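Chemist: Below are the sequence and a predicted model for it; my questions follow.
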Amino acid sequence: MKKIALLVVAAVALSGCAGMVFPRANTGFLYAETKANDGTNPGNVQATKSGEACSTSILGWVTTGDSSVPAAAKAGGIKNVHSVDNKFVNYVGVYAQYCTVVTGE
């Protein structure tokens, strides 16, 4: 019985941590997969190209990557940004990924 209680406490203590490092994301407890629009600039800019940049987190202890707008624009060869969107995935707090998607020309 003590082993089961210890496993439950460990699971609760470790779950949900990976998603917490991305403050603007809807984390969910067991699973989350969300998208959000961060902004648009519908002026003269056409959305002919797309670029994506991501950051990942494991248990909320190790987070790596560059999910910035400039990194996403560079990945897509975009000089003028039309829109900025965000994607977030969280698997039981063990693995989380936050991506910025930029469209433009």
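Modeler: Good, I have the coordinates.

Chemist: When you work out contacts or count neighbours from here on, use the C-alpha atoms and nothing else.
Modeler: Noted.

Chemist: What residues sit buried inside stretch 77-87?
Modeler: 78, 80-87 (16 or more other Cα atoms under 10 Å).

Chemist: So which of those residues sit within strands?
Modeler: The strands, defined by DSSP state E, take in 81-87 from the buried residues of stretch 77-87.

Chemist: Relative to Lys2, which of the buried residues of stretch 77-87 is nearest.
Modeler: Of all these, Lys87 has the smallest distance to Lys2: 40.0 Å, by Cα to Cα.

Chemist: which residues does that closest one contact?
Modeler: Shown in contact with Lys87 (Cα atoms under 8 Å, 6 or more residues apart in numbering): 33-36, 98-101.

Chemist: do Ser50 as well
Modeler: Applying Cα under 8 Å, 6+ apart to Ser50 gives the contacts 73, 76, 78, 101-104.

Chemist: can you rerun that using 7 Å?
Modeler: With contacts defined as Cα atoms under 7 Å, 6 or more residues apart in numbering, Ser50 is in contact with 76, 101-104.

Chemist: mind checking the SS state of Pro70?
Modeler: What DSSP: H, G, I helix; E, B strand; the rest coil gives for Pro70 is helix.

Chemist: measure it to Phe88 for me?
Modeler: Note on Pro70: its distance to Phe88, by Cα to Cα, to the nearest Å, is 18 Å.

Chemist: low pLDDT regions in the protein?
Modeler: Scanning the chain for pLDDT under 70 picks out the ranges 1, 3-29, 41-43, 45.

Chemist: Recalculate using a threshold of 90.
Modeler: Applying pLDDT under 90 to the chain flags the ranges 1-48, 59-61, 80, 90-94, 96, 105.

Chemist: ok so, going back, any chance of the contacts of Ser50 in a markdown table, plus secondary structure and neighbour count?
Modeler: As requested, these are exported to a markdown table (DSSP: H, G, I helix; E, B strand; the rest coil; neighbours: other Cα atoms under 10 Å):
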| residue | secondary structure | neighbour count |
| --- | --- | --- |
| Gly76 | helix | 19 |
| Val101 | strand | 24 |
| Val102 | strand | 32 |
| Thr103 | strand | 25 |
| Gly104 | strand | 23 |
